[in-house]
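Peer 1: how does the following fold in three dimensions:
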Amino acid sequence: MKKISLTISGCMGRMGQQLIKSADKNKNFKLVSFTENRKISRKILGIKPEINSISAFKKTNVIIDFTTPKCTLEILKIAVKLKKKVVIGTTGFTKKEDNLIKKFSKKIAILKAGNMSLGVNLLMYLTEITSRSLGKSFLSKVYEVHHKHKRDYPSGTALMLGKGIAKGKNKEFYSILGKKFLNKKTFPYGNKINFNSIRKGEVIGEHEVIFSSGKEVVKLSHESFDRALYSEGALTAAKWLFNKKSGLYSMRDLLNFK
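Peer 2: Okay, here's the model as predicted:
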């Protein structure tokens, strides 16, 4: 099988560095370029990082992007011109930015996921089922913990889980998006979905969805121990996306959850 040419965007970030390590060991890929939003003087694996541009993406088949929403949209504009496929692991998009990504996906294949982990995507699937099964008599909230360096909150994964709750209730997510708390010891249930984000130490990721009727509580949770599970998931996504036509895909499509 011919190797898939790969670009890592956000190459100096935590996920960027982990992706480079994982891709370098993976026989399905050939690393052809790295990009950052600033000039980097040193080479990585013999490749000098570039600014996002047509020349940086020209020789690639798939771009894996773990950056910022603003940077992701810049990358997509270039990817559309070059007809390149993009795996988006960036989080923190607004509703307007999500709609822009949908527009881009009409021209190129995009796989967007707030989390690349198989376990987390299974958790989201179970969240939908639980939300649908428990019905209106249960209120729900989402709790998450990440390392102190993570800026956005709630995490992309927490928002994914919130969307799973909404889908189970057959509601539009933004119509039942509740309050967003940061570093609170406790936080309330509400008629909408509330979120509490903890930022401490070097925690890779913990997520919990909690349902309560006032008489009983149901909890679904996931904990990550190794950042490599995210990079390996992103590479699996890139390999899967390589043969896809234009459209907006998710890890759920890849995993074929019904």
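Peer 1: going forward, measure contacts between C-alpha atoms and count neighbours the same way
Peer 2: Will do.
Peer 1: check contacts around Asn121.
Peer 2: If a contact means Cα atoms under 8 Å, 6 or more residues apart in numbering, then Asn121 has Asn115, Met251, Arg252 as its contacts.
Peer 1: can you pull out the strands in the chain?
Peer 2: 4-9, 29-36, 50-51, 62-65, 85-88, 109-112, 139-146, 177-182, 193-199, 205-212, 217-224, 247-249 (DSSP state E).
Peer 1: need those in JSON lines (columns: distance to Ser155).
Peer 2: Below are these laid out as JSON lines (distance: least, Cα to Cα, whole Å):
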{"stretch": "strand 4-9", "distance to Ser155": "20"}
{"stretch": "strand 29-36", "distance to Ser155": "22"}
{"stretch": "strand 50-51", "distance to Ser155": "26"}
{"stretch": "strand 62-65", "distance to Ser155": "16"}
{"stretch": "strand 85-88", "distance to Ser155": "14"}
{"stretch": "strand 109-112", "distance to Ser155": "14"}
{"stretch": "strand 139-146", "distance to Ser155": "7"}
{"stretch": "strand 177-182", "distance to Ser155": "11"}
{"stretch": "strand 193-199", "distance to Ser155": "8"}
{"stretch": "strand 205-212", "distance to Ser155": "9"}
{"stretch": "strand 217-224", "distance to Ser155": "14"}
{"stretch": "strand 247-249", "distance to Ser155": "20"}
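Peer 1: how much space separates the residue sitting nearest the centre point of the chain from Pro154?
Peer 2: By Cα atoms, centre = their mean, the mean C-alpha position of the chain lies nearest to Gly114, the distance being 2.2 Å. Summarising the geometry, the distance separating Gly114 from Pro154, computed by Cα to Cα, to the nearest Å, is 11 Å.
Peer 1: same question for Val120.
Peer 2: If you measure Val120 against Pro154 using Cα to Cα, the figure is 15 Å.
Peer 1: surely Ser33 touches Asn52?
Peer 2: No - using Cα atoms under 8 Å, Ser33 is not in contact with Asn52; the gap is 10.1 Å.
Peer 1: for Lys81, grab the count of nearby residues.
Peer 2: Other residues near Lys81 number 11, with proximity taken as other Cα atoms under 10 Å.
Peer 1: and the pLDDT at it?
Peer 2: In this prediction, Lys81 carries a pLDDT score of 98.
Peer 1: residue contacts, Arg227?
Peer 2: With Cα under 8 Å, 6+ apart as the criterion, the residues that contact Arg227 are Met15, Gln18, Ile204.
Peer 1: one more: Phe34?
Peer 2: Contacts here follow Cα under 8 Å, 6+ apart; on that basis Phe34 touches Thr7, Ile8, Ser9, Gly10, Cys11, Ile47, Lys48, Pro49, Glu50, Ala56.
Peer 1: check Ala109 too.
Peer 2: With contact set as Cα under 8 Å, 6+ apart, Ala109 has these partners: Lys84, Lys85, Val86, Leu241, Lys244, Lys245, Ser246, Gly247, Leu248, Tyr249.
Peer 1: Ala109 versus the first one, what's the distance?
Peer 2: Just to be clear, that refers to Lys84. Here the distance between Lys84 and Ala109 works out to 8 Å (Cα to Cα).
Peer 1: could you count how many residues lie near Lys219?
Peer 2: 14.
Peer 1: check contacts around Lys112.
Peer 2: Contacts were defined as Cα under 8 Å, 6+ apart; by that measure Lys112 touches Val87, Ile88, Gly89, Leu248, Tyr249, Ser250, Met251.
Peer 1: kindly reformat the contacts of Arg227 as TSV containing pLDDT, neighbour count and distance to Ile64.
Peer 2: What follows is the contacts of Arg227, written out as TSV (pLDDT from 0 to 100; neighbours: other Cα atoms under 10 Å; distance: Cα to Cα, whole Å):
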residue	pLDDT	neighbour count	distance to Ile64
Met15	91	22	10
Gln18	95	19	12
Ile204	90	16	20
